[in-house]
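Trainee: Build me a model:
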Amino acid sequence: MSEMQTDAFWMPFTPNRTFKSAPRIVESAEGIYLTEKGGRQVIDATAGLWCSNAGHCRSEIAEAIYQQAKTLDYSSIFNFGHELGFEYSERLIKHTPDGLDHVFFGNSGSEAVESALKIALQYQRVRGKGTRTMFIGREKGYHGVNFGGISVGGIAPNYQGFGQPVKASHMRHTLDIGRNAFSRGLPEHGVELAEDLERLVAFHGADQIAAVIVEPFAGAGGVVLPPKGYLQRLREICDKHDLLLIFDEVISGWGRTGSAFAATEFGVTPDMITSAKGITNATVPLSAVFVSDEIYKTVMTAAPEGAVEFFHGYTYSAHPVACAAGMATLDIYEREGLLTRAAGEIGQYWENALHSLADLDNVIDVRNYGLVGAIELRAPQDLKGKYGAKVSGMAWEAGVMARGIGDALCMSPPLIIEKHEIDTIVDKLRGLISALV
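Mentor: Model prediction:
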């Protein structure tokens, strides 16, 4: 076999020259394991990219994709439809919080966020509040890489080279290692950080703000969990000032926290939820915005009969093959109880296993909830803020795929993970972290 050529592929979010000098090539996957070219197995402790929640290469999903591609591979969704799109929508909303009963489809988390921001602007305009064109995001928040997403997101490198074309301001993040180090579950301290939203409302004026968008927990910002009462307080402030509240659950949705959505797990109902990744177990790109009855009815009734109510959508919205993958994914989630598994014994085992690393000198914090977690490392001075990337490369060589974010190793294993596999992850990480100098 000829040597693999790498130059043509411009890889995303990757130091291309470094990677191509020593490529890590995954050849196959099954369950929670990835297999490198050459046959070495690595435990996928990140479920791909927070997305392969039911594990890799589930035969039921592959068969559903195959059968659908043979039957109806594509049909335009503009002024046409297919039954699967409507059937799938009805199944999805059985898992959303009460009142979020309408689905707008896209193809990625970035597109879901873009759609939600546009829906918010449309809603404000048709109800006579057209001055409300600003959004409030949060530091360390990740909302994809479209122009709307990088504007409301709070990860500096994602927008510094491109600007923030959509009007946005940002609340403070909630990471407070000084007060909350080694919290189990939601941290005790920091509910007062929600009052930062009041400051921004006073500064900009409620009549300028369309919506507030936050992840229930920040994923790509380093697994930053909301302090107890924090999300409830955001909801109260939004209600007080007539602001929409959007939860970006592209990462936290579909069982990651122990409920179908973190909104349900944390007892706070937003006006919209964005979803992707685990919605199809990452097999075929698909995303959704779950929209409240109030927003949907307001937008629908504002347009004349026969007119397009919302000038937005994608060629591949509700793609039939993606819907088939999503239906098969829901079958697995429901049959195997995966949407609530992280709230049970396996989630508690994960918590205890991660926190067993707290005795290591190089570990300064452990954060966890459900089946997500982060190990914050004591970084050398010259590597502060980028130590996680270095150590994640070492973890890969040790047989564990973990994301390096800042100075943390972040993990979100497939929801099918078993106790002995958690033990293997933690044992490998203990050996690695103990050897760090």
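Trainee: ranges for the strands of the stretch 151-300 of the chain?
Mentor: 168-171, 209-214, 244-248, 272-275, 287-291 (DSSP state E, counting those that start in this stretch).
Trainee: For these, give me TSV that also has mean pLDDT.
Mentor: Shown next, in TSV, are these (pLDDT from 0 to 100):
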stretch	mean pLDDT
strand 168-171	98
strand 209-214	98
strand 244-248	99
strand 272-275	99
strand 287-291	98
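Trainee: Of the ones you listed, which is nearest Ser75?
Mentor: Across the strands of the stretch 151-300 of the chain, Ser75 has its closest neighbour in strand 287-291 (18.3 Å, C-beta to C-beta). For every residue, glycine as well, the C-beta is placed using N, CA and C.
Trainee: ok, residues contacting the closest one?
Mentor: For strand 287-291, the external contacting residues (C-beta atoms under 8 Å, 6 or more residues apart in numbering) are 92-93, 96, 100, 102-109, 111-112, 115-116, 119, 250, 271-276, 279.
Trainee: Likewise for stretch 109-124?
Mentor: Stretch 109-124 has contacts (C-beta under 8 Å, 6+ apart) with 104, 106, 130, 132-133, 135, 143-149, 152, 166, 210-211, 213, 244, 246, 248, 250, 272, 274-277, 287-289, 291, 295, 298-299, 310, 312, 314.
Trainee: re earlier: tabulate the strands of the stretch 151-300 of the chain in TSV, adding columns for distance to Leu330 and mean neighbour count.
Mentor: Converted to TSV, the strands of the stretch 151-300 of the chain look like this (distance: least, C-beta to C-beta, whole Å; neighbours: other C-beta atoms under 10 Å):
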stretch	distance to Leu330	mean neighbour count
strand 168-171	34	20
strand 209-214	26	26
strand 244-248	20	28
strand 272-275	12	29
strand 287-291	12	27
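Trainee: what's the span of stretch 372-388 from first residue to last?
Mentor: Taking C-alpha to C-alpha, to the nearest Å, the first and last residues of stretch 372-388 lie 16 Å apart.
Trainee: and it, which residues are buried?
Mentor: For stretch 372-388, the buried set under the neighbour-count rule, 16 or more other C-beta atoms under 10 Å, comprises Val372, Gly373, Ala374, Ile375, Glu376, Leu377, Ala379, Tyr387, Gly388.
Trainee: Cross-check the contact I'm expecting between the fifth one and Ile177.
Mentor: Yes. The pair Glu376 and Ile177 qualifies as a contact (C-beta atoms under 8 Å) at a distance of 6.6 Å.
Trainee: which residues do the two both contact?
Mentor: Shared contacts of Glu376 and Ile177, defined by C-beta under 8 Å, 6+ apart, comprise Ile364, Asp365.
Trainee: center of this protein - which residue?
Mentor: Among the residues of the chain, the one closest to the centroid is Ile251, at 1.9 Å (C-alpha atoms, centre = their mean).
Trainee: Tell me the predicted confidence for it.
Mentor: pLDDT for Ile251: 98.
Trainee: Distance of it relative to Lys129?
Mentor: According to C-beta to C-beta, to the nearest Å, Ile251 and Lys129 sit 31 Å apart.
Trainee: Ok, Leu377 next?
Mentor: 46 Å.
Trainee: same deal with Ser110?
Mentor: In this view, Ser110 and Lys129 are 26 Å apart by C-beta to C-beta.
Trainee: got it, and Pro380?
Mentor: As judged by C-beta to C-beta, Pro380 and Lys129 stand 51 Å apart.
Trainee: Repeat that for His56.
Mentor: Using C-beta to C-beta, which is the criterion applied here, His56 is 46 Å from Lys129.
Trainee: ok, these two, which is more surrounded?
Mentor: Each of His56 and Lys129 has its neighbours counted (other C-beta atoms under 10 Å); His56 has more, 22 against 16.
Trainee: If we ignore the residues flanking it in sequence, what's nearest the more buried one?
Mentor: Ala29 (3.6 Å; C-beta to C-beta, 6 or more residues apart in numbering).
Trainee: quick one: pLDDT of the one you found?
Mentor: 98.
Trainee: Tell me which entries of the buried residues of stretch 372-388 lie within helices.
Mentor: Using DSSP state H, the subset of the buried residues of stretch 372-388 located in helices is Tyr387, Gly388.
Trainee: Now that we have the buried residues of stretch 372-388, can you turn them into CSV and tack on distance to Gly222 and pLDDT?
Mentor: Shown next, in CSV, are those (distance: C-beta to C-beta, whole Å; pLDDT from 0 to 100):
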residue, distance to Gly222, pLDDT
Val372, 11, 98
Gly373, 11, 98
Ala374, 6, 98
Ile375, 11, 98
Glu376, 8, 98
Leu377, 11, 98
Ala379, 13, 96
Tyr387, 12, 97
Gly388, 8, 97
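Trainee: any idea where the helices of the stretch 151-300 of the chain begin and end?
Mentor: Ranges of helices in the stretch 151-300 of the chain, per DSSP state H, counting those that start in this stretch, are 156-160, 177-180, 196-204, 230-241, 262-266, 293-302.
Trainee: Which neighbouring elements make contact with the helix or strand just after the last one?
Mentor: It stands for helix 293-302. Next in sequence after helix 293-302, counting helices and strands by DSSP states H and E, comes helix 320-336. Helices and strands touching helix 320-336, as assessed by 3 or more C-beta pairs under 8 Å, 6 or more residues apart in numbering; DSSP states H and E, comprise helix 59-71, helix 83-92.
Trainee: For Ile346, find the nearest of these.
Mentor: Ile346 lies closest to helix 59-71 among the helices and strands packed on helix 320-336, at 21.5 Å (C-beta to C-beta).
Trainee: That closest one to helix 83-92, inter-axis angle?
Mentor: Angle of helix 59-71 versus helix 83-92, following axes from the mean of the first three to the mean of the last three C-alpha atoms, to 10 degrees, is 150 degrees.
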